[in-house]
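Q: coords below, sequence missing:
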């Protein structure tokens, strides 16, 4: 399937549905191909952990989140 950048803007849902059904969609800009939307596939993430979510796991000052946020919101005296 081929779609223009205007089609992508106004018919995003239909283009994504075509990709989810296994079709590759080539997006054109001024008549020239510039992007391709391909199906993501059936690759499921087996590891439920995300590296981003655990980036502060070793910080001791964030053990009590409510206390940490309360300290952030306190007025600072200069």
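A: All right, it came through fine. Predicted, not measured: the structure shown is a model, and the values here were computed from it.

Q: tally of neighbours for residue 3?
A: 20 (other CB atoms under 10 Å). All C-beta spots, glycine's among them, are computed from the backbone N, C-alpha and C.

Q: what residues are up against it?
A: Contacts for residue 3 (CB atoms under 8 Å, 6 or more residues apart in numbering) come out as 11, 15, 25, 26, 27, 28.

Q: Using neighbour counts, trim those to the buried set.
A: For those, a burial check counting by 16 or more other CB atoms under 10 Å picks out 15, 25, 27, 28.

Q: With pLDDT and secondary structure as extra columns, can I get those in JSON lines?
A: Shown next, in JSON lines, are the buried ones among the contacts of residue 3 (pLDDT from 0 to 100; DSSP: H, G, I helix; E, B strand; the rest coil):
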{"residue": "15", "pLDDT": "92", "secondary structure": "helix"}
{"residue": "25", "pLDDT": "93", "secondary structure": "strand"}
{"residue": "27", "pLDDT": "94", "secondary structure": "strand"}
{"residue": "28", "pLDDT": "94", "secondary structure": "strand"}
